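Participant: what follows is a predicted protein model with its sequence.
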Amino acid sequence: MSTAQPIRPRMVGKARLSFAVIASQYNVNYVQGMVEQAHRELSELEPGAKIKIIWASGAFEIPLLAKVAMTQKKYDAVLALGVILQGETAHARLVAEAVTSALLQIALEFTVPVINEVLLLDNEEQAKARCLDPEINRGIEAARAAVATSRAIRELSSTPA
């Protein structure tokens, strides 16, 4: 497991970005750790940012809620957070692949970052390391990616060709 985090974007003045954090209630003991760290990091990087936390029943429902959030046209980025633990069948892998594909399509359709931290993990040890450890927490990683990508899109949109 990589312990490297994305470079922390610098704080800026009054960007006032808006974020939707869509999180799975399934394996909530791990997902909650990512939600808390993502919220904290977003608040530090974008003071005054609007952050809406939306709970999905499971990982499979996250793309639908992400698409509904996008149709409202009020979010600069969506953070998709979930934990899928691999079992004895292919179900977990199939769900993870479907979620990943759908989130990518939503981002491309709406030209808004959808940060995918719906994790397919082999066991609870991996979940603890990625979701509860404040040093390598994937919620922090998602927040940094959301802020950096949202800022880049704003810059590209406001720069004349």
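Facilitator: Received it, and whenever you're ready, just let me know what you need. Numbering: from 1, shown residues only.

Participant: which regions of the protein sit below the pLDDT cut-off?
Facilitator: Filtered on pLDDT under 70, the chain yields the residue ranges 1-15, 159, 161.

Participant: 90 instead?
Facilitator: 1-16, 134-136, 154-155, 157-161 (pLDDT under 90).

Participant: could I get the full set of helices for it?
Facilitator: Chain-ordered helices for the chain, with DSSP state H as the definition, fall at 28-45, 62-71, 91-110, 124-131, 138-158.

Participant: got a markdown table for those helices, with distance to residue 18 and mean neighbour count too?
Facilitator: In short, each C-beta sits where N, CA and C put it, glycine included. Listed next are these as a markdown table, based on distance: least, CB to CB, whole Å; neighbours: other CB atoms under 10 Å:
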| stretch | distance to residue 18 | mean neighbour count |
| --- | --- | --- |
| helix 28-45 | 10 | 20 |
| helix 62-71 | 10 | 19 |
| helix 91-110 | 14 | 16 |
| helix 124-131 | 24 | 18 |
| helix 138-158 | 9 | 19 |
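
Participant: adding distance to residue 117, write the ones you listed out as JSON lines.
Facilitator: Shown next, in JSON lines, are these (distance: least, CB to CB, whole Å):
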{"stretch": "helix 28-45", "distance to residue 117": "6"}
{"stretch": "helix 62-71", "distance to residue 117": "10"}
{"stretch": "helix 91-110", "distance to residue 117": "10"}
{"stretch": "helix 124-131", "distance to residue 117": "9"}
{"stretch": "helix 138-158", "distance to residue 117": "4"}
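
Participant: residue 25 reaches residue 61, doesn't it?
Facilitator: No: with contact defined as CB atoms under 8 Å, residue 25 does not count as touching residue 61 (9.3 Å).

Participant: among these two, which residue is more densely surrounded?
Facilitator: Between residue 25 and residue 61, counted using other CB atoms under 10 Å, the more crowded position is residue 61 (17 against 14).

Participant: mind checking how far the residue nearest to the spatial centre of the chain is from residue 125?
Facilitator: Nearest to the centroid of the C-alpha atoms of the chain, with distances taken as CA atoms, centre = their mean, sits residue 79, at 2.5 Å. In this view, residue 79 and residue 125 are 24 Å apart by CB to CB, to the nearest Å.
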